[in-house]
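> my questions are about this predicted structure, shown below with the sequence.
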Amino acid sequence: MRYFIFFYLLIPLANCLAQGSSQGASSFTQRENIIFEDDFSNDSLGHFPHKWKMSRKYAVGVNVKTHAIVRQDGVDEVLSTDGLTWVKPTFPGMLSDSFSVECDFMVKHKDDWIGIGFRLDKNGLDSDINKQFLFYYEDQQVHILGCRTNLIEEENSYESFAAPPVVFSYGNWYHLGFSYNHRHISCYLDSTRILDIPDCGFRPFGLSIGLRDSAICKHIVVADGKPLDFTRLITEKKFVTHSILFEFNKAVISADSGPFLAQLAKWLLKNPGISIEIDGHTDSVGGAVSNLNLSIKRAEEVKNQLVAKGVQDARLTTKGLGSTTPLKSNQTEQGRSENRRVEFILLENH
C-alpha cells in the first residue's frame, strides 16, 4: 500500500484496469500519490541501483557499489546485499506528515531482516538514521524491533513490539506496508496488521531501506498521503486512476479500492452540479471482444459503488473501451499496467 501507506506483494493481474496487490495483501497507496517507485528492472544486474544512494555511515571508506546490488531472483530483479546495508531513495525533498512505504521482501536465514529507517532532522536528510523498525523471523513468526539512535552520544535504545502470531517462514515472499499519518503508525504483513502505534512521538523527514545478510526486496513504492485532487476533473476535463482494482478477469472491485472510491464519492456529493462519464480500459491480454465486455462491466460496477455511496444515478454514465486506447505499449508488463485503468470524463451541459 495503496492506501494509507505501507508494504505489500504486487503480482501483475492480466486484464485488470489497474495493477493491484497480491491476493491477501493489504495496500494503502493511491497510485496518484506515488512519489517514488522502483522494481529495479531498468538497472544492470550486479550493480548498485541508479535510483538510490547509500546511507552515509556505510559510504565512508568503502566501495559502496559492493554493498547493495541488483540481481536476478526468478523472473524478478531484486535488491540484494552482502552484509548490513541501508540505502535511501532519491526522491526530491522530504517526507510529508502523511506517507506510506510498501515493498515485497524475503528472508532466508534466522539473522536476516528488512528495516525501515527514518531521519528526524529536516535539515539533515543526508545524515545517519535516527529511528529504525526491523522485521525479522523467529519461532516461525514475524517479530518487530524498534531502535532509536542518539547521534550525539552514539548510543542505541531498543524496543520490541508485540506482533500477532502471523505464520512467517524462510524463503517466501511477503508484502510489507508501512504507514505514517500525523504520528499514527500502522504496519501490515500481507493482509494482517502487525503494528499499530496511535502516537509514535516523532516526525520523520527522510527514509532509508535496510537489508541484513541474505534478505532481499523488490518493487518498492513510497507515496504521499495527501487527499486526492479531483479538481483536475474541472480544469483538465479528465481524471485517470490506477487505484481502482478488480479481481482477475472479473468485475469485482477489490477492497483496496475503497479509499479512492470513498474520496471520489465525497467530492461528487460536495459538487452536485458535476456529472461524469466512467470509462473502463484494459490491456491487450485476451480477446478484443472479451476485453470490451469486461471493461463495460467494470465501468458499470464503479458506477454502482458510487451510487451506493449516495451519488445520484443520473449524474453517472459509463463506457467500456477495452484495449482500444492504450497509454503505453502492451509489449511490456509496465506498459500493460499503465493501460489497465479507469478514466473519469467531465460531462458538459449537465
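It's in.
> for the nearest residue to Gly46 once chain neighbours are set aside, give me phi and psi.
Leaving aside its sequence neighbours, Gly46 sits nearest to Ile69 (C-beta to C-beta, 6 or more residues apart in numbering; 5.6 Å). In short, each C-beta sits where N, CA and C put it, glycine included. Dihedral angles of Ile69 (phi, psi; degrees, to the nearest 10) stand at phi -130, psi 160.
> residues in contact with Ile69?
Counting by C-beta atoms under 8 Å, 6 or more residues apart in numbering, Ile69 touches Leu45, Gly46, His47, Phe48, Leu79, Ser80, Thr81, Asp82.
> what do you get if the cut-off is 10 Å, keeping everything else the same?
The contact partners of Ile69, by C-beta atoms under 10 Å, 6 or more residues apart in numbering, come to 40, 43-49, 78-82, 85.
> okay if I get those residues as CSV plus distance to Tyr137?
As requested, these are exported to CSV (distance: C-beta to C-beta, whole Å):
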residue, distance to Tyr137
Phe40, 23
Asp43, 27
Ser44, 31
Leu45, 27
Gly46, 27
His47, 29
Phe48, 26
Pro49, 25
Val78, 18
Leu79, 18
Ser80, 17
Thr81, 17
Asp82, 20
Thr85, 19
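> okay but Leu84 is in contact with His67, surely?
Yes. Taking contacts as C-beta atoms under 10 Å, Leu84 lies within contact range of His67: 8.6 Å.
> give me the helices and strands touching the biggest helix by length in the chain, please.
If you go by DSSP state H, the chain has its longest helix at helix 288-308. Counting contacts by 3 or more C-beta pairs under 10 Å, 6 or more residues apart in numbering; DSSP states H and E, helix 288-308 is packed against helix 258-270, strand 275-281, strand 316-320, strand 341-347.
> please enumerate the helices of this protein.
Assigned by DSSP H, the chain shows helices spanning 232-235, 258-270, 288-308, 333-339.
> roughly how far out does the longest one sit from the chain middle?
By that I understand helix 288-308. 25 Å (C-alpha atoms, centre = their mean, to the nearest Å).
> pLDDT of it, averaged?
What helix 288-308 shows for mean pLDDT is 96.
> now do stretch 184-200
For stretch 184-200, mean pLDDT is 90.
> that stretch: which residues count as buried?
Neighbour counts over stretch 184-200 (16 or more other C-beta atoms under 10 Å) mark Ile185, Ser186, Cys187, Tyr188, Leu189, Asp190, Ser191, Thr192, Ile194, Leu195 as buried.
> just the CA trace of it, in PDB.
Taking Å, rounded to 0.1, in the frame of the first residue of the first chain, the C-alpha atoms of stretch 184-200 are listed here in PDB:
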ATOM      1  CA  HIS A 184       0.000   7.300  13.900                       C
ATOM      2  CA  ILE A 185       1.900   4.300  12.600                       C
ATOM      3  CA  SER A 186       0.300   1.200  11.100                       C
ATOM      4  CA  CYS A 187       2.100  -1.700   9.500                       C
ATOM      5  CA  TYR A 188       0.800  -4.700   7.600                       C
ATOM      6  CA  LEU A 189       2.300  -8.100   6.600                       C
ATOM      7  CA  ASP A 190       0.200  -9.100   3.600                       C
ATOM      8  CA  SER A 191      -3.400  -8.600   4.900                       C
ATOM      9  CA  THR A 192      -2.600  -8.800   8.700                       C
ATOM     10  CA  ARG A 193      -1.900  -5.700  10.700                       C
ATOM     11  CA  ILE A 194       1.200  -6.400  12.800                       C
ATOM     12  CA  LEU A 195       1.900  -2.900  14.300                       C
ATOM     13  CA  ASP A 196      -0.300  -0.100  15.400                       C
ATOM     14  CA  ILE A 197       1.000   2.900  17.300                       C
ATOM     15  CA  PRO A 198      -1.500   5.700  17.800                       C
ATOM     16  CA  ASP A 199       1.200   8.300  18.700                       C
ATOM     17  CA  CYS A 200       4.800   7.300  17.900                       C
END
